[in-house]
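J.: here's a sequence, model it:
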Amino acid sequence: MGLNIGPNSSENSDNSPITIGILTQLLNDNTKILTSRFDNLDISVALHKEKLDELESEVKSLKIKVSEITGENERLWCELSKINLIFSGIPERINESQKDLFDQVANVIKATGHTYNFDTAYRIGKPSKNSTRPIKVRFLSLFERNEVYGNRFKVNKPTFINEDLPASLRNDHRILRQKRSQLRNLGYDAKQIHVDWSKRTINSGESSFYLLNGNFIEKHYKTSTTPALHREKQRTSNLSFGNTRSSTQPRGSQTPGVGAQDPTRT
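T.: Next up is the predicted model:
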C-alpha cells in the first residue's frame, strides 16, 4: 500500500484545485497508513523479542546442563584416578626405557622416607625439546598412594608430586594459585588467604571469590579493614609526613589551625 500524495490522487481525479480539506484528508490517510505500518513493526519486534527470550532461556538451561555434566565427569575422573599421582620435574632421558622410568620414580618415592609399590608409570603428553613430560604413576593401594602424597613436600625441587586431576580442574587450580599470588603481592598475609580447591573459592578475610568458567566472581567485600602491608605503608607515610612538617616548621611557630591564629586575619 503506497502513500497518497500529489494532485493525481483519487480525491483529486478531476484536476480540481487542491484545497485545505483535500490536503488534510491526504495527510490523515497517510498518517493512518504509517501508523498501521509502525503497529505491524511493533508486533514483529515483540514476536522476535519473545523468541529471543526463549532462546536465551534454552541457552541458559544448556549451560547449566553442560556444567553439571562437566562436574560429573570430573568426579568420575577423580574416582578412577584417585589411586594415581603425577610426578613432574623428573628428567627425561634419551631412549628412556621402562626400567629407567621405574628407577627414577622409585628414587623420588624413597625421598619421602618410605618405599612403596607401584605397577604402572608412564610419561603423559607429547615429547618436547623445551619441557619435560610428567609421569603418571599408579600405586597398588590407595593407602600407599596417600602416604606418598602426604609426604610430597619432603621431595627436593624441581620435582613435584600432585594429584591426577582432569585438565579443566588443573586449569582452575592454576588460576587459583595465580590469584593467591596476586593477593599476597597486594599485601595480604599468607594466613589471611584460604583456598578451597574443591569448591574453587579463595578468601582473603576481606574478599571472597568464586571461580566460574575461568573467571572470578566476587561474592563478598568488606571495606572496614585494610591489608596488613597497606596499613603499614599508610602508617609509615603518616610518620614521614609528620617528620617532614616538623623539620620544615620554624622553631617556636605553629601551623595555622593547630592552636595558632592565622596572621592574615584581624
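J.: what's the least confident helix or strand in this structure, going by average pLDDT?
T.: Scoring the helices and strands of the chain by mean pLDDT, DSSP states H and E places helix 228-248 at the bottom, with a mean of 44.
J.: I'd say Ser81 and Asp164 touch.
T.: Yes - applying CB atoms under 8 Å, one finds Ser81 in contact with Asp164, separated by 4.0 Å. Heads up, the C-betas are built off the backbone N, CA and C, glycines and all.
J.: more neighbours: which of those two?
T.: Taking neighbours as other CB atoms under 10 Å, Ser81 and Asp164 compare with Asp164 leading, 20 against 16.
J.: next, the contact list for that one, please.
T.: 81-82, 84-86, 136 (CB atoms under 8 Å, 6 or more residues apart in numbering).
J.: now, which of these sits nearest Asn107?
T.: Taking CB to CB as the measure, Asn107 lies nearest Leu85 of the contacts of Asp164, at 14.8 Å.
J.: what packs against the host helix or strand of that closest one?
T.: Element membership for Leu85 (DSSP states H and E) is strand 84-88. Strand 84-88 sits against strand 135-139, helix 142-150, strand 160-163, with contacts defined as 3 or more CB pairs under 8 Å, 6 or more residues apart in numbering; DSSP states H and E.
J.: comparing the ones you listed, which comes out most buried?
T.: Highest mean neighbour count among the helices and strands packed on strand 84-88 (mean count of other CB atoms under 10 Å): strand 135-139, with a mean of 20.
J.: which helices and strands does the stretch of helix or strand Arg75 belongs to pack with?
T.: For Arg75, the host element (DSSP H and E) is helix 20-81. Contacts defined by 3+ CB pairs under 8 Å, 6+ apart place helix 20-81 against helix 167-185.
J.: the helix it packs on vs helix 20-81, what angle?
T.: Computed by axes from the mean of the first three to the mean of the last three CA atoms, to 10 degrees, the angle separating helix 167-185 from helix 20-81 equals 100 degrees.
J.: residue ranges of each domain in this structure, please.
T.: 18-70, 83-163, 165-245 (automatic domain parsing).
J.: Trp77: which of these is closest?
T.: Nearest to Trp77, of the domains of the chain and by CB to CB, is domain 165-245 at 4.4 Å.
J.: any regions of this structure where pLDDT drops low?
T.: For the chain, the stretches with pLDDT under 70 are 1-17, 219-266.
J.: tell me what the spatially most central residue of it is bridged to.
T.: Geometric centre of the chain, nearest residue: Asn215, 1.6 Å, by CA atoms, centre = their mean. For Asn215, the beta-bridge partners are Leu212 (DSSP bridges).
J.: sorry, back to before: any chance of the helices and strands packed on strand 84-88 in TSV, with distance to Gln104 too?
T.: Formatted as TSV, the helices and strands packed on strand 84-88 follow (distance: least, CB to CB, whole Å):
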stretch	distance to Gln104
strand 135-139	8
helix 142-150	14
strand 160-163	13
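J.: distance between stretch 159-167 and the chain's centre?
T.: 21 Å (CA atoms, centre = their mean, to the nearest Å).
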